[in-house]
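[1] the sequence isn't on hand, but the structure is:
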């Protein structure tokens with residue numbers, strides 16, 4: 001035997017010599033002489049021998065394996081170790097005590113929203129370690145936490161080192177949106193598992209699946225590892241798992257990066273264990289090391305309590321990590337680690353059956369939901385002295401035990417699947433149950449199995465019951481998974497929740513709902529009769545803003561700026577989205593704090609636009625009451641707007657500024673200073689960009705229309721703050737668009753400014769229709785007119801006229817291709833403008849179809865000619881002769897004695913009255929200082945006696961009366 005495969009020191013001669021000889025002979029016969037095959041086979045035996053002889057007992061496991069869990073429970077009751085070393089991230093240790101407040105499966109999570117030492121694009125960082133009841137790690141945790149005097153030590157790398165060592169990691173891909181909701185419970189987290197046993201050599205896995213006559217690796221593992229090891233003793237289990245781990249390790253491809261990470265993990269764990277042994281003085285014989293079988297067969301120099309290597313553990317980065325428990329599920333575990341659908345549920349079923357068959361008492365944390373109260377035995381069984389004998393040779397040589405057919409179990413499965421298929425819309429019958437029963441036996445026989453496995457039964461059910469289409473939500477394969485145990489979904493208890501999540505539950509307690517329960521619950525809020533529910537409404541609206549869609553969905557009621565509903569109805573699924581609520585707790589201690597942090601982060605992001613910052617201002621006002629935060633973000637929006645050189649966000653800016661301005665005008669005594677500055681700066685900013693936007697091909701007509709809408713809508717406020725309208729007039733004058741739609745916008749702006757009349761605009765539209773070269777582009781002009789309703793809504797009648805003329809005069813070859821464009825434009829870009837057009841059209845067009853034939857459009861009807869009759873006599877004087885009594889009484893009162901004039905006498909008008917009664921006029925002229933006097937009839941100068949003083953002296957009473965009247969006025 002070569003020195004390479006010599007017996008390890010301290011190992012008795014002949015411990016595995018028989019197995020070595022048999023493998024060496026088989027390698028020689030198979031390969032025709034010594035070669036690499038012999039080295040692999042003998043090296044596997046050396047790995048097993050080395051691991052078995054280690055003073056610190058190594059317990060190899062496979063993740064979520066019922067055989068490993070049964071062997072772990074049995075070994076813990078036999079040995080009763082004082083220290084349990086567990087392959088799990090060492091920084092997750094404080095959370096394990098909270099498992100008793102949860103219903104399994106759950107996942108221990110390390111979360112970092114910000115990075116310090118890692119690339120920024122990796123954020124957020126998340127590492128999860130799912131724990132199920134049918135797992136060896138849970139048995140070890142439950143034993144260590146509930147047994148007095150037992151210490152649990154986690155020895156694997158920290159969550160920070162998970163990202164440090166895997167430098168090739170790329171940002172996690174988004175979860176598949178089409179995957180079931182239960183399979184997305186872990187989100188985009190990096191999964192860490194205890195005992196990843198799967199061939200890394202693709203050809204080896206393909207070979208095993210093909211010769212094992214199975215479809216996927218989970219089925220192969222169940223058939224050829226789980227079933228044989230389920231009833232084996234402790235030594236046989238350990239040696240077989242060591243052998244499997246060594247096989248997969250030696251046949252792994254040469255991925256240097258992955259191999260280096262695996263070896264560094266092993267060095268890390270053995271370094272931590274030696275440090276703990278040295279610090280605590282624990283006896284290695286009273287300790288147990290639980291790790292994956294792949295790492296148990298390690299060949300690093302640091303292996304063992306007497307390892308010779310020295311490994312320096314790098315410090316952690318400054319990244320702030322948060323820790324918590326999140327709900328998990330069987331489907332989430334399968335999706336995280338690439339297992340076959342339903343394999344974890346089948347493993348849970350096998351775990352339950354194994355407990356009944358072996359009568360092993362499993363360990364469960366005291367007080368855990370769904371766990372029976374059971375006190376663990378404290379009586380220790382002394383381990384057998386000396387090294388374990390060779391159990392591996394006998395295990396490999398013995399024929400597989402025939403598991404006889406359990407007809408009663410298979411018959412029950414067949415009946416249950418038919419019943420479930422009927423409930424889900426399948427036309428299944430008793431004949432289908434018989435067919436499933438017989439087909440399961442047939443498939444098992446074709447695959448060299450005496451007893452059908454759950455996978456054989458699943459294939460048989462699909463073959464016999466599945467149709468061309470699935471009538472309901474679940475297909476037959478999913479029904480079998482549910483029947484075999486279902487997708488068990490965990491729950492984190494109230495006491496294990498972070499402070500924010502507990503605060504949410506406390507604040508929503510007046511609703512009287514079981515918020516931790518999965519599914520959708522209806523909450524009815526009558527705030528009028530129960531004012532205390534207003535606080536619950538505030539919490540629900542914030543949850544709607546922070547949690548994923550569907551966690552809190554309003555059915556009735558809305559919340560906008562300045563408006564609150566008096567009655568609300570909600571569909572709540574907070575229990576279903578418990579993971580998202582828990583991750584909120586990593587960001588702060590209250591919803592208000594988390595929302596404020598997120599709004600600041602969105603507003604101050606490097607790529608934040610003015611529209612995004614205004615959205616943050618609106619949310620701060622809507623959910624947090626505005627105040628200091630809204631003013632701060634509004635001031636920042638002003639700075640962001642001043643730095644923008646494009647008009648991409650103009651429509652959103654216009655909508656949000658209008659809403660905020662309307663809110664402040666109706667709910668605040670004065671406008672905030674920031675919004676006044678925003679209107680002033682925005683007016684000058686968009687005036688500067690307007691000529692460029694009209695010429696820029698990348699600027700859409702909707703964006704330019706939004707700019708004009710801002711300028712015209714904010715014009716009154718901006719002018720009152722000191723802006724000059726000449727700046728807008730110059731900007732419009734300097735605009736020379738080439739696009740027809742933007743040209744129509746420019747015409748609308750000119751009409752609003754008064755530089756273009758509506759008649760001239762109608763004439764230009766008529767010229768466009770009269771020009772056959774422009775007719776194909778006329779629909780684009782109409783699109784511009786439709787967008788022009790945003791800044792100039794008074795042009796609605798002109799737009800209706802232009803559209804009507806287009807339908808009446810455009811040829812079908814031009815009109816029909818344009819109709820879809822018009823409809824999509826109105827729907828996507830001008831949805832708010834469509835009601836304005838409809839109202840104007842309803843005002844112009846007849847209301848009844850029968851009147852349409854005789855109806856003439858107003859713009860085509862001839863204007864009526866107004867005929868003015870010649871005046872026969874003064875209209876006012878004609879009344880006086882008709883009713884002389886009133887005029888006579890008034891003349892008598894005034895002292896007029898001239899009497900009535902002759903019918904043919906000329907009527908005194910204007911200056912004639914003044915000449916006939918000069919006294920009043922002279923008095924007024926005196927008061928005004930007019931000294932020219934009366935003109936002569938021939939135009940000569942007045943006599944000197946007609947001066948102002950003379951007139952005043954001649955008419956003192958009139959002068960005094962005018963002076964008194966002017967003094968009072």
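    Noted; the coordinates are in hand. The structure presented is a predicted model; accordingly, all values stated were derived computationally and were not measured. Numbers count the residues shown, from 1 in each chain.
[2] could you list the low-pLDDT ranges of the protein?
    Low-confidence segments of the chain, defined by pLDDT under 70, are located at 1-40, 167-204, 252-255, 369-405, 485-487, 825-826, 828-832, 861-878, 903-914, 931-969.
[3] longest helix in it, by residue count?
    The longest helix of the chain (DSSP state H) is helix 256-280.
[4] could you pull out the helices for the stretch 301-450 of the chain?
    Ranges of helices in the stretch 301-450 of the chain, per DSSP state H, counting those that start in this stretch, are 330-337, 343-358, 392-397, 407-423, 430-446.
[5] put together CSV for these, with distance to residue 688 and mean neighbour count on each row.
    (Glycine included, C-beta is placed from N, CA and C.) Conversion of the helices of the stretch 301-450 of the chain to CSV gives the following (distance: least, Cβ to Cβ, whole Å; neighbours: other Cβ atoms under 10 Å):
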stretch, distance to residue 688, mean neighbour count
helix 330-337, 53, 24
helix 343-358, 63, 20
helix 392-397, 83, 16
helix 407-423, 68, 17
helix 430-446, 76, 18
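[6] the stretch 1-150 of the chain: strands as residue ranges?
    Secondary structure of the stretch 1-150 of the chain (DSSP state E, counting those that start in this stretch): strands located at 57-61, 83-89, 102-103, 106-112, 125-131.
[7] which among those is found nearest to residue 285?
    Taking Cβ to Cβ as the criterion, residue 285 comes closest to strand 57-61 out of the strands of the stretch 1-150 of the chain, the separation being 7.7 Å.
[8] direction included, what does that closest one pair against?
    Strands that pair with strand 57-61, judged by DSSP bridges, come out as strand 287-292 (parallel).
[9] can you add distance to residue 647 and mean neighbour count and give the strands of the stretch 1-150 of the chain back as JSON lines?
    Converted to JSON lines, those look like this (distance: least, Cβ to Cβ, whole Å; neighbours: other Cβ under 10 Å):
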{"stretch": "strand 57-61", "distance to residue 647": "62", "mean neighbour count": "25"}
{"stretch": "strand 83-89", "distance to residue 647": "50", "mean neighbour count": "24"}
{"stretch": "strand 102-103", "distance to residue 647": "53", "mean neighbour count": "22"}
{"stretch": "strand 106-112", "distance to residue 647": "38", "mean neighbour count": "25"}
{"stretch": "strand 125-131", "distance to residue 647": "38", "mean neighbour count": "25"}
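[10] out of those, which is closest to residue 152?
    Comparing these by their distance to residue 152 (Cβ to Cβ), the top pick is strand 83-89, with 5.2 Å.
[11] would you give the sheet partners of the closest one, along with the direction of each?
    Each strand that strand 83-89 pairs with, and the sense of that pairing, follows from DSSP bridges: strand 151-156 (parallel), strand 287-292 (parallel).
[12] which of those sits most buried?
    Across the strands paired with strand 83-89, averaging neighbours per residue (mean count of other Cβ atoms under 10 Å) puts strand 287-292 on top, at a mean of 25.
[13] so that strand versus helix 256-280, what angle?
    170 degrees (axes from the mean of the first three to the mean of the last three Cα atoms, to 10 degrees).
[14] show residues contacting strand 287-292.
    By Cβ atoms under 8 Å, 6 or more residues apart in numbering, the list of residues contacting strand 287-292 from outside reads 56-63, 72, 75-76, 79, 81-87, 136-137, 140, 155, 193-197, 245, 269, 273, 277.
[15] list phi and psi for residue 523.
    The phi and psi values for residue 523, taken as degrees, to the nearest 10, are phi -120, psi 130.
[16] save the strands paired with strand 83-89 as JSON lines, and put in distance to residue 367 too.
    Below are the strands paired with strand 83-89 laid out as JSON lines (distance: least, Cβ to Cβ, whole Å):
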{"stretch": "strand 151-156", "distance to residue 367": "17"}
{"stretch": "strand 287-292", "distance to residue 367": "23"}
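[17] so which of the ones you listed comes closest to residue 693?
    Between residue 693 and the strands paired with strand 83-89, the tightest spacing by Cβ to Cβ is seen for strand 151-156, at 58.7 Å.
[18] got a list of contacts for the closest one?
    The list of residues contacting strand 151-156 from outside it, by Cβ under 8 Å, 6+ apart, reads 82-90, 92-93, 96, 140-141, 144-145, 192, 265, 268-269, 272-273, 276, 280, 282, 289.
[19] can you check the distance spanned by stretch 563-581, start to finish?
    The stretch stretch 563-581 measures 27 Å between its terminal residues, going by Cα to Cα, to the nearest Å.
[20] likewise stretch 816-834?
    Using Cα to Cα, the distance between the terminal residues of stretch 816-834 is 20 Å.
[21] ok so, going back, closest one to residue 224 among the strands paired with strand 83-89?
    Shortest distance between residue 224 and the strands paired with strand 83-89, using Cβ to Cβ, is found for strand 287-292: 18.4 Å.
[22] now the element after that closest one, going C-ward?
    Later in the chain than strand 287-292, the nearest helix or strand by DSSP states H and E is helix 293-296.
[23] from the chain's centre, how far out does that next one sit?
    With Cα atoms, centre = their mean, to the nearest Å as the basis, helix 293-296 stands 40 Å off its chain's centre.
[24] who's in contact with the most centrally placed residue in the chain?
    Nearest to the geometric centre of the chain sits residue 548, at 5.4 Å (Cα atoms, centre = their mean). Contacts of residue 548 were listed using Cβ under 8 Å, 6+ apart, and they are 577, 580.
[25] repeat for residue 358
    Applying Cβ under 8 Å, 6+ apart, we find residue 358 in contact with 70, 74, 230, 231.
[26] nearest to residue 417, of the strands of the stretch 1-150 of the chain?
    Ranking these by proximity to residue 417 (Cβ to Cβ) places strand 102-103 first, at 27.0 Å.
[27] which strands and helices lie in contact with the closest one?
    Contact partners of strand 102-103 among helices and strands, from 3 or more Cβ pairs under 8 Å, 6 or more residues apart in numbering; DSSP states H and E: strand 491-492.
[28] what sits up against stretch 527-536?
    Counting contacts by Cβ under 8 Å, 6+ apart, the residues outside stretch 527-536 that touch it are 507, 508, 510, 511, 523, 525, 526, 537, 565, 566, 567, 568.
[29] just those now: which is nearest residue 410?
    Within those, distances to residue 410 taken as Cβ to Cβ reach their minimum at residue 523, with 46.3 Å.
[30] where does the nearest residue to the closest one once chain neighbours are set aside sit: helix, strand or coil?
    When the adjacent residues along the chain are set aside, residue 523 lies closest to residue 570, with 4.4 Å between them (Cβ to Cβ, 6 or more residues apart in numbering). What DSSP: H, G, I helix; E, B strand; the rest coil gives for residue 570 is strand.
[31] how near is residue 570 to residue 734?
    53 Å (Cβ to Cβ, to the nearest Å).
[32] helices along the stretch 551-700 of the chain, start to end?
    With helices called from DSSP H, counting those that start in this stretch, the stretch 551-700 of the chain shows them at 578-584, 591-603, 610-624, 628-643, 650-667, 673-695.
[33] with distance to residue 706 and mean neighbour count added, can I get these in CSV?
    Converted to CSV, the helices of the stretch 551-700 of the chain look like this (distance: least, Cβ to Cβ, whole Å; neighbours: other Cβ under 10 Å):
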stretch, distance to residue 706, mean neighbour count
helix 578-584, 35, 23
helix 591-603, 21, 18
helix 610-624, 10, 23
helix 628-643, 13, 18
helix 650-667, 4, 19
helix 673-695, 9, 20
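[34] so which of the ones you listed is nearest residue 454?
    Put simply, out of those the one that sits nearest residue 454 is helix 578-584, at 28.9 Å, with distance taken as Cβ to Cβ.
[35] contacts for the closest one, please.
    109, 111, 185-187, 324-327, 491-492, 497-498, 500-501, 504, 516, 546-548, 551, 574, 591, 594.
[36] same deal with stretch 500-518?
    With Cβ under 8 Å, 6+ apart as the contact definition, stretch 500-518 has outside contacts at 489, 491, 493-494, 497, 521, 523, 525, 530, 532-533, 535-536, 539-540, 543, 572-576, 578, 581-582, 584-585, 587-591, 594.
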